[in-house]
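>>> Return a 3D structure for these sequence lines:
(one chain, ligands or ions: 1)
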Amino acid sequence: MKRIGVLTSGGDAPGMNAALRAVVRTGLSLDMEVFGISHGYEGLLEGEIEEMKWHSVGDIMQRGGTILRTARSKRFREEKWQDHAVNILNAFGIEGLVVIGGNGSFAGGLQLAKRGIKVMGVPGTIDNDLGYTDYTIGFDTAVNTVLDLISNIRDTSSSHERCTVIEVMGRHCGDIALHSGLTGGADFILVPEIPVDVNSICREVLRGKQAGKRHNLIIKAEGVDIATNELVQRLEDVTGIETREVVLGYIQRGGSPTQRDRMLASVTGAKAARLLYDDVESRAVGVRGEEVISVELEEALNMKREFIKDLYDLATRLS
Ligand code: F6P
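Residues are numbered from 1 along each chain as shown. Predicted coordinates:
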């Protein structure tokens, strides 16, 4: 393979730039031509494609976000636009594509793969919701950002002796809540994978109050089946304790990537470019334990993320 493209798609994640750098520089080292596609699949449909050189990705390792920009393309879900994307790639002579993104982005890539383009998925999403890999790029940074914020919130929550519900990202996957809640010493962790029992939380809070507990931190993933403001209201009504909500939102998605995310991005980005050079079938690259792995793209997409119940139980026991 001589000419490859790379794009970032879906929600941005810290470390996407480090992955891009690894793709571009590995591709160039292997004497391939590398083209950057701006604004994800939207940009692809518009032909926003530019050749990248070694210096194009200089000084970006430490930067959050994505210098290629990103988008969620609705029209790319339609077959006629998928055909159009292949025509554009053919017009530029691009035979292989690295897609840095999450589930939706890989699903888009699969459609291109079915039309003859070799596609390599690099897991870029803070959600850590991909089944085939232990970790995704951006997750570690997001968790560390949440940890810092929890510690700030703890100060004011304890001073006022309040309950505080902190909503973190994660529509289907509770990993950000679980990892930040466990390591941030939260009193309760609410995730979409485990049904929430508000009465039991109220009972625990009241028991704690009797025992002299001054405040409570509740980390709640956004995808949990009770709205945050409703939960706050019920807690306050039942326990009589002043309760506040903090929705962390996009603060979690920005910032300079941690060492772990930079490393994950570098090894998976490099592997994706290498796989294109080797001309193998479309795959998704990730990590299991210390090993960099790749899984056939469709199979990777079909693998359901396993929720680590043991970790959740440990967090509950330690809280
Ligand atoms: O990137 C994943 C994610 O951060 C989710 O956790 C969140 O629900 C969503 O993106 C929000 O994305 P948008 O940028 O479309 O508002």
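>>> What's the local residue count around the single nearest residue of the stretch 151-300 of the chain relative to the ligand?
Nearest residue of the stretch 151-300 of the chain to the ligand (Cβ to the nearest ligand atom) works out as residue 169 at 3.4 Å. Every residue, glycine included, has its C-beta placed from N, CA and C. Residue 169: 24 surrounding residues under other Cβ atoms under 10 Å.
>>> Kindly report the residues of this protein close to the ligand.
11, 72, 125, 126, 127, 169, 170, 171, 222, 253 (Cβ under 6 Å from any ligand atom).
>>> Neighbour-wise, which one of these leads?
residue 126 (30 neighbours).
>>> Tell me how far stretch 123-132 lies from the chain's centre.
Per Cα atoms, centre = their mean, to the nearest Å, the displacement of stretch 123-132 from the mean C-alpha position of its chain is 5 Å.
>>> swap in stretch 286-294?
Distance of stretch 286-294 from its chain centroid, counting by Cα atoms, centre = their mean, is 17 Å.
>>> for stretch 53-61, same thing?
So, by Cα atoms, centre = their mean, the centroid of stretch 53-61 is 23 Å from its chain's centroid.
>>> ditto for stretch 139-158
Relative to the centre of its chain, stretch 139-158 is centred 18 Å away, using Cα atoms, centre = their mean.
>>> Rounded mean pLDDT for it, please.
Confidence for stretch 139-158, expressed as mean pLDDT, is 97.
>>> now do stretch 199-219
Stretch 199-219 carries an average pLDDT of 95.
>>> quick one: buried residues of that stretch?
Using 16 or more other Cβ atoms under 10 Å as the test for burial, stretch 199-219 gives 201, 202, 204, 205, 208, 209, 215, 216, 217, 218, 219.
>>> closest to residue 178 among the residues of the chain next to the ligand?
When the residues of the chain next to the ligand are compared for distance to residue 178 (Cβ to Cβ), residue 170 wins out at 8.9 Å.
>>> The closest one belongs to a helix?
No. Counting by DSSP: H, G, I helix; E, B strand; the rest coil, residue 170 is not part of a helix but coil.
>>> on that earlier part again, contacts only, for the residue of the stretch 151-300 of the chain closest to the ligand.
126, 127, 142, 176, 221, 222, 248, 249, 252, 253 (Cβ atoms under 8 Å, 6 or more residues apart in numbering).
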